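> pasting the structure only:
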């Protein structure tokens with residue numbers, strides 16, 4: 001297994017991720033996670049051992065306040081940890097990302113005075129694992145519309161009926177944060193956000209995850225057939241379309257930032273592998289010298305390092321702005337979706353450059369760079385996609401298009 005015994009030096013030496021922030025993930029844990037990643041990808045298997053170690057390290061309660069038994073970390077600190085975890089095992093990092101998004105948005109809202117979602121943090125502190133049941137085939141409105149039907153129960157809860165795709169953590173989640181459309185609300189159609197326990201009748205999971213990359217996430221399809229969220233677990237009823245509700249900002253801020261962190265971690269590891277390849281490979285054309293002395297190779301790796309540095313520094317700066325309540329005004333959403341697109345596209349460029357440096361060996365199926373190449377492609381499918389992000393950015397600088 002290529003790279004299986006290589007120390008992840010950049011996790012702890014002199015890169016932008018090394019600073020004052022607390023760390024929950026020891027280097028030896030990351031090395032073990034890294035050592036399992038290739039087999040999990042080959043077998044299309046869920047990383048149960050990885051998750052057990054992350055739980056034991058307290059990682060799933062990273063956002064949970066200390067008063068509730070968690071680490072009480074902010075978004076920047078968790079983003080830095082996600083970069084490190086993704087450099088070790090991208091699919092494991094992307095899997096746990098979804099749980100961290102739920103707890104991260106709850107932590108932000110609670111910190112800003114919204115107690116309606118504190119139950120999410122208490123559930124996480126008690127060991128529950130959250131997944132997102134939001135994505136739907138053919139729903140390009142994403143969070144601003146839904147094909148899932150939400151029906152109010154006499155007790156004040158909601159029953160959800162619909163099909164959710166890309167339900168990451170499918171084999172292990174115990175709580176599903178989901179939403180659907182209540183067309184019968186007396187105030188007009190409402191998007192109802194609530195949490196469904198896995199034990200609810202009407203929840204089923206298809207074993208249908210067999211993908212090009214990010215295979216260990218096991219983001220299977222979830223079918224909801226009257227699955228019920230109890231009244232105390234229904235936390236938002238929002239009008240269809242964009243909303244100024246702080247929940248929407250919290251969701252975008254945490255989701256886009258942590259997604260960016262995962263793909264930035266892929267870029268970090270790819271650059272390291274490119275450097276190792278350049279230091280290992282020799283050139284007959286240059287009298288047997290290693291490729292790290294070839295000016296063209298040096299330029300290619302310098303270009304990749306420049307892009308990677310920009311991705312890391314931009315990620316940490318915007319995450320810090322979320323933590324500190326910086327005022328980006330109407331441009332907040334443009335900043336967040338731009339961060340996600342820059343991170344995923346930069347990671348693809350860095351992986352591609354590292355493969356070009358590594359040469360034909362990277363084309364073998366057992367190559368770590370080949371796996372990163374497949375994993376990094378998933379970045380284009382996460383919201384916000386390229387088209388949506390550019391529309392948001394265009395509106396932020398040009399205003400809305402004229403009718």
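Received, thanks. Every value quoted in this text rests on a predicted model; they were computed, and no experiment measured them.
> residues touching residue 188, list them.
Residues counted as contacts of residue 188 (CB atoms under 8 Å, 6 or more residues apart in numbering) are residue 239. Any C-beta I mention is one placed from the backbone N, CA and C, and that applies to glycine too.
> which SS class is it?
Assigned with DSSP: H, G, I helix; E, B strand; the rest coil, residue 188 falls in the coil class.
> likewise for residue 177?
At residue 177, secondary structure determined by three-state DSSP is strand.
> that one reaches residue 129, doesn't it?
No - between residue 177 and residue 129 there is no contact under CB atoms under 8 Å: 11.3 Å.
> please say which of the two ends up with more neighbours.
The residue with more neighbours, out of residue 177 and residue 129, is residue 177; 26 against 19, by other CB atoms under 10 Å.
> residues near residue 150, how many?
Neighbour count for residue 150, taken as other CB under 10 Å: 28.
> cool, residue 183 as well?
Neighbours around residue 183, by other CB under 10 Å: 12.
> show me what the least confident helix or strand in the chain by mean pLDDT is packed against.
One helix or strand of the chain scores below all others by mean pLDDT, DSSP states H and E: strand 282-283, with a mean of 86. Contacts defined by 3 or more CB pairs under 8 Å, 6 or more residues apart in numbering; DSSP states H and E place strand 282-283 against strand 289-290.
> centre of the chain to the strand it packs on, how far?
Centre-to-centre, strand 289-290 and its host chain are 39 Å apart (CA atoms, centre = their mean, to the nearest Å).
> mind giving me the packing neighbours of the next helix or strand after it?
Note on strand 289-290: by DSSP states H and E, the next helix or strand toward the C-terminus is helix 295-324. In terms of contacts (3+ CB pairs under 8 Å, 6+ apart), helix 295-324 is packed against helix 75-88, helix 246-280, helix 332-358.
> average pLDDT for helix 295-324?
Averaged across helix 295-324, pLDDT comes to 97.
> name the residues of that helix that are buried.
For helix 295-324, burial by neighbour count (16 or more other CB atoms under 10 Å) applies to 297, 300-301, 304-305, 307-308, 311-312, 314-316, 318-319, 321-323.
> report the buried residues of stretch 160-175.
160, 162-170, 172-173, 175.
> pipe these into JSON lines and attach secondary structure and pLDDT per row.
Below are the buried residues of stretch 160-175 laid out as JSON lines (DSSP: H, G, I helix; E, B strand; the rest coil; pLDDT from 0 to 100):
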{"residue": "160", "secondary structure": "strand", "pLDDT": "98"}
{"residue": "162", "secondary structure": "strand", "pLDDT": "98"}
{"residue": "163", "secondary structure": "strand", "pLDDT": "98"}
{"residue": "164", "secondary structure": "strand", "pLDDT": "98"}
{"residue": "165", "secondary structure": "strand", "pLDDT": "97"}
{"residue": "166", "secondary structure": "strand", "pLDDT": "97"}
{"residue": "167", "secondary structure": "strand", "pLDDT": "98"}
{"residue": "168", "secondary structure": "coil", "pLDDT": "98"}
{"residue": "169", "secondary structure": "coil", "pLDDT": "98"}
{"residue": "170", "secondary structure": "coil", "pLDDT": "98"}
{"residue": "172", "secondary structure": "coil", "pLDDT": "98"}
{"residue": "173", "secondary structure": "coil", "pLDDT": "98"}
{"residue": "175", "secondary structure": "strand", "pLDDT": "98"}
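> can I get these in a markdown table including distance to residue 136?
Converted to a markdown table, those look like this (distance: CB to CB, whole Å):
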| residue | distance to residue 136 |
| --- | --- |
| 160 | 11 |
| 162 | 7 |
| 163 | 7 |
| 164 | 6 |
| 165 | 6 |
| 166 | 9 |
| 167 | 11 |
| 168 | 15 |
| 169 | 18 |
| 170 | 16 |
| 172 | 22 |
| 173 | 17 |
| 175 | 19 |
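> now, among these, which is nearest to residue 46?
Nearest to residue 46 out of the buried residues of stretch 160-175 is residue 172 (CB to CB; 7.0 Å).
> can you give the domain ranges for this protein?
Listed by automatic domain parsing, the domain ranges of the chain are 9-125, 130-239, 246-398.
> which residues touch residue 163?
Per CB under 8 Å, 6+ apart, neighbours of residue 163: 136, 137, 147, 148, 221, 222, 223, 224.
> which members of the residues you listed are classed as buried?
The buried subset of those (16+ other CB under 10 Å) comprises 136, 148, 221, 222, 224.
> widest-spaced pair of those?
The farthest-apart pair in the buried ones among the contacts of residue 163, when distances are taken by CB to CB, is 148 and 221, at 12.8 Å.
> determine the residues that are contacts of both of these two.
In contact with both residue 148 and residue 221: 163, 164, using CB under 8 Å, 6+ apart.
> how about the helices in the stretch 101-250 of the chain?
118-125, 246-280 (DSSP state H, counting those that start in this stretch).
> any idea which of those helices is most buried?
Mean neighbours per residue, mean count of other CB atoms under 10 Å, is largest over the helices of the stretch 101-250 of the chain for helix 246-280, with a mean of 24.
> which one among the buried ones among the contacts of residue 163 gets closest to residue 354?
Taking CB to CB as the measure, residue 354 lies nearest residue 221 of the buried ones among the contacts of residue 163, at 33.2 Å.
> list the contacts of the nearest residue to that closest one once chain neighbours are set aside.
Leaving aside its chain neighbours, residue 221 sits nearest to residue 206 (4.3 Å; criterion: CB to CB, 6 or more residues apart in numbering). Residues counted as contacts of residue 206 (CB under 8 Å, 6+ apart) are 220, 221, 222, 223.
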